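K.L.:
can't give you the sequence, but here's the structure:
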């Protein structure tokens, strides 16, 4: 078995959740690599969208912007942002991938600011961009992120993108589309999912070489445990070969680990 | 009856739809030659205090020549629609041209990192901000383009983005569901870079349009920079391709390589070295000042700026990267 780095592992694990025939909005970086890997491994009919308006490209290399020319290279359609967002709003998009500076136990994400006073933030970040739209309007939100207790916090300073907000039923009460919400959080330590009853984050699988305790120690809130916690399957030789040779040969993403 | 919430921030740019009908009624819709220069367009069409919107996607298909000229002419107190505002935001903040911004995405340059100068300006409160999302701002353009006061949608509710926005929740008259109402956004000036236009302002864009179709229709005045001016015959031979029709447009300027250092799909890739230099040099205010003198204040026009950064040789390289002839990033 070849050695692999944590970025390669996260990309491989994420790609396995994307089934053939599904639709996904991806951003640049790891999500883009995960979608490409899925297409080449087990999901040739995975349909990838980009928020700025590109549909089903054949990516020649990793884009640096979700609106750059790579995102619609040999695409089936080069449209506009509302085409993507409206496809999400009418229920045609299964998955999106998001990240953030903070995430809480309900999968709420913060990519806006650190601090408690809106008008005087300690640190200001870019804001929603399309993140809130995708988290609100696609069926399932996926997150790929490194895990530590500064990022996995009891309460996010600002809810940029909605997870389950305050718990079961809160999204629907707020007015968000029924049956949508966070699905998997893939970190360098394991895979976290969400408990059906409480909508709280739970440990579902632990990556090789790590323990449940390692995950708990790097989380700033109490994690639930799935009934059956498995060890994450390592990347296969074939996954690593495709990822390194075909998906990201210049190591733009996998070189970041 | 469910509780309906309202965002806590003040709406910074809003025109009544009947007022806009009268404005658009009076707008000169004759087929007339609108060719002008970058400096004349900025001088005559962008006034201090007005609210502007920039087409493209921050570092993709952006009207850089106009943005630099806004800085050079020291325009002040402009409002901005921050719909994925990345390098465009960075330029306008560097020139201290804006004092308010409807934000969806600002400060960052996507995968390249955050702009230290833009971040300082927002954190210090020099630029007043109101929260939105990319879809929200695009739907706000669409409402304005449709001539209605608002459009309903289903995102943003339950979050702090809504709380610090100027949106309102409403109840759907058909289903009783809670919806968010996005107020129409009519920028005073929309500025868009396109692949081809004729002298009247009929425009073609190759590749994604992002939100420019809606933004052009929402804006009171529209400035077009174009990679090339083409004969109207070419527009008429393929009218399906007209993304922005002439009657929306007030000025047309031919600016080849006009999106530099941004990407222009099918023509040239973004100049990543130069964008990296921008981010790096902003860390040191003195160096940043010298950098702005060298690239904007101290040059006569956009072409001198390109010369300073490698001229034709650099452009040729970016063309080869775009066409995947050479690797680059």
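P.N.:
Perfect, thanks for sending it. Source: prediction; values computed, not measured.

K.L.:
quick one: name the residues of the stretch 201-329 of chain B near chain A.
P.N.:
Proximity of the stretch 201-329 of chain B to chain A, by Cβ under 8 Å from any Cβ of the partner chain, involves residues B:207-214, B:263, B:265-266, B:269-270, B:272, B:322, B:324, B:327, B:329. The C-beta positions use only the backbone N, C-alpha and C, and glycine is treated the same way.

K.L.:
the same query, at a cut-off of 7 Å, please.
P.N.:
The stretch 201-329 of chain B comes close to chain A at residues B:207-211, B:213-214, B:263, B:265-266, B:270, B:322, B:324, B:327, B:329, as judged by Cβ under 7 Å from any Cβ of the partner chain.

K.L.:
all helices of the chain, in order?
P.N.:
With no chain named, the answer covers chain A. Taking DSSP state H as the criterion, chain A carries its helices at A:6-16, A:30-41, A:81-89, A:131-137, A:170-174, A:212-217, A:237-242.

K.L.:
I was thinking of chain B, sorry if that wasn't clear
P.N.:
Counting by DSSP H, the helices of chain B are B:17-26, B:38-45, B:64-72, B:87-94, B:116-123, B:134-146, B:160-163, B:212-218, B:232-237, B:272-281, B:285-292, B:302-308, B:311-322.

K.L.:
quick one: the ones you listed as TSV, columns for mean neighbour count and mean pLDDT too.
P.N.:
Below are these laid out as TSV (neighbours: other Cβ atoms under 10 Å in any protein chain shown; pLDDT from 0 to 100):
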stretch	mean neighbour count	mean pLDDT
helix B:17-26	12	98
helix B:38-45	18	98
helix B:64-72	25	98
helix B:87-94	26	98
helix B:116-123	21	97
helix B:134-146	27	98
helix B:160-163	24	98
helix B:212-218	26	98
helix B:232-237	12	98
helix B:272-281	17	97
helix B:285-292	14	97
helix B:302-308	17	97
helix B:311-322	16	98
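
K.L.:
pLDDT score assigned to the residue lying closest to residue B:49 once chain neighbours are set aside?
P.N.:
Among residues not flanking residue B:49 along the chain, residue B:77 sits closest, at 4.7 Å (Cβ to Cβ, 6 or more residues apart in numbering or on different chains). Looking at residue B:77, its pLDDT is 98.

K.L.:
what's the burial count for residue B:77?
P.N.:
13 (other Cβ atoms under 10 Å in any protein chain shown).

K.L.:
am I right that it is in contact with residue B:48?
P.N.:
Yes: with contacts counted by Cβ atoms under 7 Å, residue B:77 reaches residue B:48, the gap being 5.6 Å.

K.L.:
all strands of the stretch 101-250 of chain B, in order?
P.N.:
B:128-131, B:150-153, B:168-171, B:178-183, B:189-197, B:203-204, B:221-229 (DSSP state E, counting those that start in this stretch).

K.L.:
hey, which of those strands is tucked in deepest?
P.N.:
Across the strands of the stretch 101-250 of chain B, averaging neighbours per residue (mean count of other Cβ atoms under 10 Å in any protein chain shown) puts strand B:189-197 on top, at a mean of 27.

K.L.:
strand partners of it, parallel vs antiparallel please.
P.N.:
Taking DSSP bridges as the criterion, strand B:189-197 pairs within the sheet with strand B:51-54 (parallel), strand B:203-204 (antiparallel), strand B:221-229 (parallel).

K.L.:
any idea of the angle the last one forms with helix B:64-72?
P.N.:
Inter-element angle recorded for strand B:221-229 and helix B:64-72: 130 degrees (by axes from the mean of the first three to the mean of the last three Cα atoms, to 10 degrees).

K.L.:
give me the contact list for strand B:221-229.
P.N.:
Contact partners of strand B:221-229, identified using Cβ atoms under 7 Å, 6 or more residues apart in numbering or on different chains, comprise B:41, B:45, B:63, B:65-66, B:188-199, B:201, B:203, B:216, B:248-256, B:258, B:264, B:267.

K.L.:
quick revisit: got a list of what the residue nearest to residue B:49 touches?
P.N.:
Taking Cβ under 7 Å, 6+ apart as the test, what residue B:77 contacts is B:48, B:49, B:99.

K.L.:
tell me, how many residues neighbour residue A:58?
P.N.:
Using other Cβ under 10 Å: residue A:58 sits among 11 other residues.

K.L.:
quick check: closest non-adjacent residue to it.
P.N.:
Excluding the flanking residues, the one nearest residue A:58 by Cβ to Cβ, 6+ apart is residue A:74, at 4.2 Å.

K.L.:
need phi/psi at the one you found.
P.N.:
Backbone torsions of residue A:74, given as degrees, to the nearest 10, read phi 50, psi 40.

K.L.:
run a quick neighbour tally on it.
P.N.:
9.

K.L.:
wait, it sits on residue A:57?
P.N.:
Yes: counting by Cβ under 7 Å, residue A:74 touches residue A:57, with 6.2 Å between them.

K.L.:
how close does the residue nearest to residue A:58 sit to residue A:49?
P.N.:
15 Å (Cβ to Cβ, to the nearest Å).

K.L.:
go on, residue B:108?
P.N.:
21 Å.

K.L.:
between these two, which one's more packed in?
P.N.:
Between residue B:108 and residue A:49, counting by other Cβ under 10 Å, residue A:49 is the more crowded of the two (30 against 23).

K.L.:
need the contact list for that one.
P.N.:
With Cβ under 7 Å, 6+ apart, residue A:49 has these contacts: A:23, A:25, A:55, A:84, A:87, A:93.

K.L.:
nearest spatial neighbour of residue 145, skipping sequence neighbours?
P.N.:
Using chain A here. residue A:99 (5.5 Å).

K.L.:
I was after chain B.
P.N.:
residue B:217 (3.4 Å).

K.L.:
all strands of the stretch 101-250 of chain A, in order?
P.N.:
Under DSSP E, counting those that start in this stretch, the stretch 101-250 of chain A gives strands at A:102-103, A:109-110, A:113-114, A:123-124, A:140-144, A:181-186, A:190-194, A:201-206, A:224-231.

K.L.:
okay if I get those as TSV plus distance to chain B, mean pLDDT and mean neighbour count?
P.N.:
What follows is the strands of the stretch 101-250 of chain A, written out as TSV (distance: least, Cβ to the nearest Cβ, whole Å; pLDDT from 0 to 100; neighbours: other Cβ atoms under 10 Å in any protein chain shown):
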stretch	distance to chain B	mean pLDDT	mean neighbour count
strand A:102-103	12	98	27
strand A:109-110	8	98	26
strand A:113-114	9	98	21
strand A:123-124	5	96	18
strand A:140-144	13	98	22
strand A:181-186	11	98	24
strand A:190-194	16	98	23
strand A:201-206	18	98	20
strand A:224-231	22	98	12
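
K.L.:
can I get those strands in a markdown table including distance to residue B:53?
P.N.:
Shown next, in a markdown table, are the strands of the stretch 101-250 of chain A (distance: least, Cβ to Cβ, whole Å):
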| stretch | distance to residue B:53 |
| --- | --- |
| strand A:102-103 | 30 |
| strand A:109-110 | 27 |
| strand A:113-114 | 24 |
| strand A:123-124 | 22 |
| strand A:140-144 | 29 |
| strand A:181-186 | 33 |
| strand A:190-194 | 38 |
| strand A:201-206 | 39 |
| strand A:224-231 | 45 |
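
K.L.:
turn the strands paired with strand B:189-197 into TSV, including mean pLDDT.
P.N.:
Below are the strands paired with strand B:189-197 laid out as TSV (pLDDT from 0 to 100):
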stretch	mean pLDDT
strand B:51-54	98
strand B:203-204	98
strand B:221-229	98
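
K.L.:
of these, which is nearest residue A:41?
P.N.:
strand B:203-204 (38.7 Å; Cβ to Cβ).

K.L.:
distance from that closest one to the middle of the chain?
P.N.:
With Cα atoms, centre = their mean, to the nearest Å as the basis, strand B:203-204 stands 16 Å off its chain's centre.

K.L.:
which residues does it contact?
P.N.:
B:194, B:195, B:196, B:197, B:224, B:226, B:241, B:242, B:243, B:244.

K.L.:
please identify which of those is nearest to chain A.
P.N.:
Checking the contacts of strand B:203-204 against chain A with Cβ to the nearest Cβ, the nearest one is residue B:243 at 9.4 Å.
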